[in-house]
Every structure is written in C-alpha cells, then in structure tokens.
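Enquirer: One predicted model, sequence on top.
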Amino acid sequence: MATYFLLFPIDTLSSFQYTSLMNFPLEIKNIIKDKPFSQDYVGLSDSHVLIFDDMVLKIEKRNLLKEKTDIFKTQSVVDVMKWAKDFVTVPEVLCFCQTEESDYLLMSKIEGKMSCDSYFLENSDLLVELLASTLKKLWSIDIKNCPRKISLEKKLELASFNVENNLVDVENTESTTFGKDGFENPESLLKWLKENQPKNFEPVLSHGDFCLPNVFFNDDEFSGLIDLGGTGVADKYQDIALCYRSLKHNFGGVYGGKVYKDFNPDLLFEKLEITPDWEKIRYYTLLDELF
C-alpha cells in the first residue's frame, strides 16, 4: 500500500486550514506550536490524522453511538493505550482533549516501516514470520486487567448503528460481499451476522484492525502498533481474519498494483502454528465490511 502525504507548513496554510488549527484546543496548540506537519491519507478512517516529526494528532468527530456506549468512546481508546504500553509498543498518549464536536488525541510517533513497505513485500517469509510473532506477543499478554473488552454483541451494536445511518461504504468492500453472488445489501449482511455468530470465543488482547499499515517493524524487528481504535479483549480470530485479508490484498496488487505471484497467504497459519478456522475467518472478515 502506498503512503501519500500532503505537506502543510503552518505558515503557508490556506484560510480554511488556518482557521481549523486556530480552533484546536489550547492544550494541543501549546504542544504542536508552529511545527510543520503532513496529512496521512493511508487507510479508510474518516478521522483526520496529522503527522509531525515526532508526534501524531488524530482528530475524530464525536459519534452518537460512541457517546452512548463507553467502550467506543475515544476515552476508552486512551485508557487501553495507557494500559497496553506496559506490555507492547504502542504510541504514548501526549494529550487528549475534547470539544463539543471532536476528540483530539496527540500521540508519540512509532518509528520504523509499515509492514506493507515494499521491503517486506519482497521478503514475504520474513514479513509473515514477523506478523505471526507480533500476534503471538499480543496473545501472550495477561488480559485480566485490560480496561477495554469488546464483545461481539457490542461490535454488532456498532455495526447496526452504521447500517441504520447509511455509514457503510459498499464501494470499499470485497467484490463478492454484495451483489449477485453475495448479500443483497448491508441490512441482509447484518442479519446474517446476527444469526451466525461463532459459538466459541477465544479471548486475547486484540488489536482490532491488524492490517499491514498498522504494524511497524524496524531493522527486521517489531517496533510498534498504531491505530488502536479497536484494541481490547476480543476473539483472536478478529486479528487473524484481517491479517489474512490484508496479506492477500497487499500481495495481490489491490494496493499499489504490483502482484507477487509466488506468495501464499496460508503461510500465516503455518507461522502461527494453527489449523485455520475458515468459518470464523469468513465471519470476522464479513463483520469488518460494515465498518
């Protein structure tokens, strides 16, 4: 997946951008001051992400459901980030502020390369070994005191909110999810998800969106995770499914156009030393289509 940044030196901002910066909470402005930044367009999040030399600022509009459900509030994300930093490398929370309209989360910047960098795509055995090792590290963490537990029931509640409010972007889904050979619409997919919930639950510390752009390596070693909006106690197949899909997409040319024909994504299961549960992989992949 290519990375595209749009540079906005503060002294050359347009009037709109300048006004937006002036509306930042004072606590944030006092830290970022006049430092230049770039805007991150990687990923499908509707948040605004500003990249500084040593910091990252995520600006997210407040969501009606998040205001009603504690585990989806940005404060819940902040809590799990502060807890997880003792066990795994994640961004340090530098400042968290809220306004009536938005949440502002200023974090330290993770060093290294995204695991979708061409270096790793051209060294697939190393990449999958590193990804599997990172997943195992997450699974080894004692979750007893984790402040955030994301049950499937709560995840389906958020999926229902997205469907009911027409927030599902069907153009950014798998080609087989909707249409002739798939589900008629997001409503029918949601109905299927509610009626076909996996019977076994394997709780671990789950990243929640374990895709290649969110996992960083430095000098062929794990260096950190970013985008922890879905992090908490959840089923281990939440991460397995999205990692498997991300590998297929990145090596299949979905991002960047280059196809790596000799790559077999099933190598992930070999490195994880598991027999894949294909029903759960399909379920969690389909669930993610509603986000």
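Expert: Alright, I've got the coordinates.
Enquirer: now residue 225, nearest residue through space, not along the chain?
Expert: residue 90 (5.4 Å; CB to CB, 6 or more residues apart in numbering). Every C-beta, even on glycine, is put in place using the N, C-alpha and C of the backbone.
Enquirer: Now do the SS call for that neighbour.
Expert: Here residue 90 is coil, with the state taken from DSSP: H, G, I helix; E, B strand; the rest coil.
Enquirer: give me the number of residues near it?
Expert: 23 (other CB atoms under 10 Å).
Enquirer: was I right about it contacting residue 223?
Expert: No. The criterion here is CB atoms under 8 Å, and residue 90 misses it with residue 223 at 10.8 Å.
Enquirer: what sits in contact with each of these two?
Expert: Residues touching both residue 90 and residue 223 comprise residue 110, with contact defined as CB atoms under 8 Å, 6 or more residues apart in numbering.
Enquirer: one step back: tell me who's in contact with the residue nearest to residue 225.
Expert: Contacts of residue 90 by CB under 8 Å, 6+ apart are 81, 84, 110, 224, 225, 226, 228.
Enquirer: where does this structure dip in pLDDT?
Expert: 1-22, 41-46, 64-68 (pLDDT under 70).
Enquirer: Excluding chain neighbours, what is closest to the residue nearest to the spatial centre of it?
Expert: What sits nearest the mean C-alpha location of the chain, by CA atoms, centre = their mean, is residue 209, with 3.7 Å. In space, and not counting its chain neighbours, residue 209 is closest to residue 230: 5.1 Å by CB to CB, 6+ apart.
Enquirer: what residues are up against that neighbour?
Expert: So residue 230 contacts 150, 206, 207, 208, 209, 238 (CB under 8 Å, 6+ apart).
Enquirer: Now render those residues as TSV, adding distance to residue 184 and secondary structure.
Expert: Shown next, in TSV, are the contacts of residue 230 (distance: CB to CB, whole Å; DSSP: H, G, I helix; E, B strand; the rest coil):
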residue	distance to residue 184	secondary structure
150	28	coil
206	30	strand
207	31	coil
208	28	coil
209	26	coil
238	25	helix
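Enquirer: Could I get the residues you listed in a markdown table, plus columns for distance to residue 277?
Expert: A markdown table is the format used below for the contacts of residue 230 (distance: CB to CB, whole Å):
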| residue | distance to residue 277 |
| --- | --- |
| 150 | 19 |
| 206 | 15 |
| 207 | 18 |
| 208 | 18 |
| 209 | 20 |
| 238 | 12 |
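Enquirer: Can you flag the buried ones in these?
Expert: For the contacts of residue 230, a burial check counting by 16 or more other CB atoms under 10 Å picks out 150, 206, 207, 208, 209, 238.
Enquirer: Test my guess that the third one contacts residue 240.
Expert: No. Judged on CB under 8 Å, residue 207 makes no contact with residue 240 at a distance of 10.9 Å.
Enquirer: Report the set of residues contacting both of those two.
Expert: Common neighbours of residue 207 and residue 240 (CB under 8 Å, 6+ apart) do not exist.
Enquirer: quick revisit: for residue 36, see how far away the residue nearest to residue 225 is.
Expert: For residue 90, the distance to residue 36 (CB to CB, to the nearest Å) stands at 25 Å.
Enquirer: Same question for residue 53.
Expert: As defined by CB to CB, residue 53 lies at a distance of 8 Å from residue 36.
Enquirer: what does residue 117 give?
Expert: Residue 117 is 23 Å from residue 36, by CB to CB.
Enquirer: just residue 92 next, same as before
Expert: Counting by CB to CB, the gap from residue 92 to residue 36 is 21 Å.
Enquirer: Likewise for residue 62?
Expert: 28 Å.
Enquirer: And residue 86, by the same measure?
Expert: Relative to residue 36, and taking CB to CB, residue 86 is found at 32 Å.
Enquirer: Settle it for me: which of those two has more neighbours?
Expert: residue 36 (14 against 8).
Enquirer: so how far is residue 52 from the more buried one?
Expert: 8 Å.
Enquirer: Stretch 233-253: which residues count as buried?
Expert: Those would be 233-251, for stretch 233-253 by 16+ other CB under 10 Å.
Enquirer: Sitting in strands, which of those do you find?
Expert: 233, 234, 235 (DSSP state E).
Enquirer: show me the contacts for the last one.
Expert: I take that to be residue 235. 152, 198, 201, 202, 203, 204, 206, 280, 284.
Enquirer: at 7 Å what do you get?
Expert: Residues in contact with residue 235, defined by CB atoms under 7 Å, 6 or more residues apart in numbering, are 201, 202, 203.
Enquirer: For residue 106, state which of those is nearest.
Expert: residue 203 (30.6 Å; CB to CB).
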